[in-house]
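prediction below, plus the sequence it came from.
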Amino acid sequence: MKKYLAPLFLLLSISGLAVAQTPVSFVLKGRLGSDTYRAAPTYVYLRSGRMLDSALIEKGRFELKGAVDEPTKGFLSMRRNMQDMSDYKAVFWLEQGTLVFTSPDSLKNAQVGGTPLTDAWRELWFATEPIAQQRNALKKEFEAATPEHQESLAFRQRQQVRRAALLREEKRIDSAFVRAHPTSFISLTVLNSMSRDPANAALVMTLLPTLSPAAFNHSLAEEIRTKIRQNVLGIKPETALKPGQLAPNFTQATPDGRQVSLSDYRGKYVLVDFWASWCGPCRQENPTVVKAYNAYKSKNFEVLGVSLDEARDRAKWVKAIADDQLPWTQVAELKGWQAKTARAYFVTAIPQNFLVDPAGKIIAMNLRGEELPEALARLLK
């Protein structure tokens, strides 16, 4: 048995995400009922990008044990030669715990389960497999058509409409999965895949804050945000706002329609706090900001909340302000990620904040947790 596998993804704990500390032990057990595996010595082969190990099937049973630096997707085959795909099993993860393959006949028909990532991954796979089959049917229909039929406008339009419908359904399933599994790394892999299509940028940026804090702060989540900043929005590190620059001025409306500008706060330290009612990490951060505000509001410090809620969620925005007992001024364009202010500040993830000095210059960014009161303690002695 190879002791370690080459890592593909960052380590996950069963309850969420964590930094890898020790190797993750896995056990694969097979209970196959076919006499095919009893007639002659037969082996099962484990791969994860390459051949890793094998085990003899005895009386329909096999077992593989090992350890990985971090969980990774696996592949079992009854054939050493990868060209022979007559009996295999994919869609599972090598992760902490025991994964069981059970089938009345072949490995290919085995039911797989017993570990968190595999169970979640297969739930998604079964939900989206019909879409994959329909896509394959569309492809075969196109290939079976004559060249003249393929060039037909009506045929191409019909195929395009059906592909678009399948894409919408897949996006709906993926979105529902992410919302239902906020702690799972599988949700991050889904969002990573979705982010490859620029058309999904706004949806991905809306779904990211619905993840648990551990998932939201995971390095893959930051990679997704960086990808969208650079490839979709064209925001390069050298163009983003930095401390020392003047904070872009803006004017937005409060819930009661009053127009408020950032320039109204000149002469004070002000935290420009981007958030939204649907953003779980933002809502969890709010009590910390409230505590800092109450401690320093008498020392020339203010907070200006800037919501990325949309017009349809106006009532939820107002309710969140009341529920979280946010005492400072709140404004919004109610245009979500399309808000001009968000674009002016290169905001592609929330919560995000900018601490602005009395002269209107940015002096700190993304102060989270205890970083905010610590920064204010240094400034406002």
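Received the coordinates, thanks. Numbering: from 1, shown residues only.

name the residues of stretch 245-256 that are buried.
Buried residues in stretch 245-256, counted by 16 or more other Cβ atoms under 10 Å: 247-248, 250, 252, 255. All C-beta atoms are positioned from the backbone trio N, CA, C, and that covers glycine.

end-to-end on that stretch?
Across stretch 245-256, the terminal residues are separated by 31 Å (Cα to Cα, to the nearest Å).

what's the answer for stretch 59-76, then?
Termini of stretch 59-76 sit 18 Å apart (Cα to Cα).

chain center to it: distance?
In terms of Cα atoms, centre = their mean, to the nearest Å, the centre of stretch 59-76 is set 26 Å apart from its chain centre.

contact partners of the helix or strand hosting Thr341?
Assigned by DSSP states H and E, Thr341 belongs to helix 340-344. Contacts to helix 340-344, defined as Cβ atoms under 8 Å, 6 or more residues apart in numbering, come from residues 233, 248, 250, 252, 274, 306, 308, 333, 347.

quick one, helices of the stretch 51-200 of the chain?
Along the stretch 51-200 of the chain, the segments classed as helices by DSSP state H, counting those that start in this stretch run 116-144, 147-150, 153-180, 185-194.

and of those helices, who's closest to Leu56?
Nearest to Leu56, of all the helices of the stretch 51-200 of the chain, is helix 116-144, at 23.3 Å by Cβ to Cβ.

mean confidence for that closest one?
Across helix 116-144, pLDDT averages out at 92.

just to revisit the earlier point, which ones among the buried residues of stretch 245-256 are found in strands?
Gln252 (DSSP state E).

out of the buried residues of stretch 245-256, who's nearest Ala137?
Gln252 (49.3 Å).

tell me the secondary structure of the spatially closest residue to that closest one that is not a sequence neighbour, please.
Nearest residue to Gln252, sequence neighbours excluded (Cβ to Cβ, 6 or more residues apart in numbering): Val331, at 3.6 Å. Under DSSP: H, G, I helix; E, B strand; the rest coil, Val331 falls in the strand class.

what sits against the residue nearest to Ser193 when sequence neighbours are not counted?
Spatially, and ignoring its direct neighbours in sequence, Ser193 is nearest to Asp174 (8.0 Å; Cβ to Cβ, 6+ apart). Neighbour list for Asp174: 124, 128, 190, 193-194 [criterion: Cβ under 8 Å, 6+ apart].

ok, back up a step: hmm, Leu308 and the residue nearest to Gln252 touching each other?
No: using Cβ atoms under 8 Å, Val331 makes no contact with Leu308, being 11.2 Å away.

next, count neighbours for Val44.
By other Cβ atoms under 10 Å, the residues close to Val44 number 25.

got it, and Glu223?
By other Cβ under 10 Å, neighbour count at Glu223 equals 13.

list the residues that contact it.
Neighbour list for Glu223: Asn192 [criterion: Cβ under 8 Å, 6+ apart].

would you check how far apart Val100 and Val27 are?
As judged by Cβ to Cβ, to the nearest Å, Val100 and Val27 stand 9 Å apart.

on that earlier part again, only whichever of the contacts of Asp174 are buried, select them in ChimeraX.
Restricted to buried positions by 16+ other Cβ under 10 Å, the ChimeraX selection for the contacts of Asp174 reads:
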select :124,128,190,194
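
rewinding a little: can I get the helices of the stretch 51-200 of the chain in JSON lines with distance to Lys381?
As requested, the helices of the stretch 51-200 of the chain are arranged in JSON lines below (distance: least, Cβ to Cβ, whole Å):
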{"stretch": "helix 116-144", "distance to Lys381": "49"}
{"stretch": "helix 147-150", "distance to Lys381": "75"}
{"stretch": "helix 153-180", "distance to Lys381": "44"}
{"stretch": "helix 185-194", "distance to Lys381": "42"}
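
report the buried residues of stretch 298-316.
301-310, 313, 316.

distance of the residue nearest to Gln252 from Arg312?
Distance from Val331 to Arg312, by Cβ to Cβ: 18 Å.

counting neighbours, what do you get for Arg283?
Residues near Arg283, counting by other Cβ under 10 Å: 17.

so what's Gly60 closest to, chain neighbours aside?
Leu32 (4.5 Å).

quick one, phi psi at Gln245?
Main-chain torsions, Gln245, degrees, to the nearest 10: phi -90, psi 150.

am I right that Arg225 sits in a helix?
Yes: per three-state DSSP, Arg225 lies within a helix segment.

name the nearest residue to the most centrally placed residue in the chain, ignoring sequence neighbours.
A centroid search over the chain (Cα atoms, centre = their mean) returns Leu188, at 3.1 Å, as the residue closest to the centre. Using Cβ to Cβ, 6+ apart and skipping residues adjacent in sequence, the residue nearest Leu188 is Leu220, 4.9 Å away.

my read: the one you found touches Asn192, true?
Yes: assessed by Cβ under 8 Å, Leu220 is found in contact with Asn192 at 6.2 Å.

how's the protein carved up into domains?
24-114, 118-232, 251-379 (automatic domain parsing).

nearest to Pro243, of those domains?
Closest among the domains of the chain, using Cβ to Cβ: domain 251-379, at 5.2 Å.

mind checking the end-to-end distance for the closest one?
Terminal residues of domain 251-379 lie 26 Å apart, using Cα to Cα.

same check, this time on stretch 319-333
For stretch 319-333, the separation between the terminal residues is 17 Å (Cα to Cα).

then stretch 109-124?
End-to-end distance (Cα to Cα), stretch 109-124: 18 Å.

kind regards, and thank you for your time.
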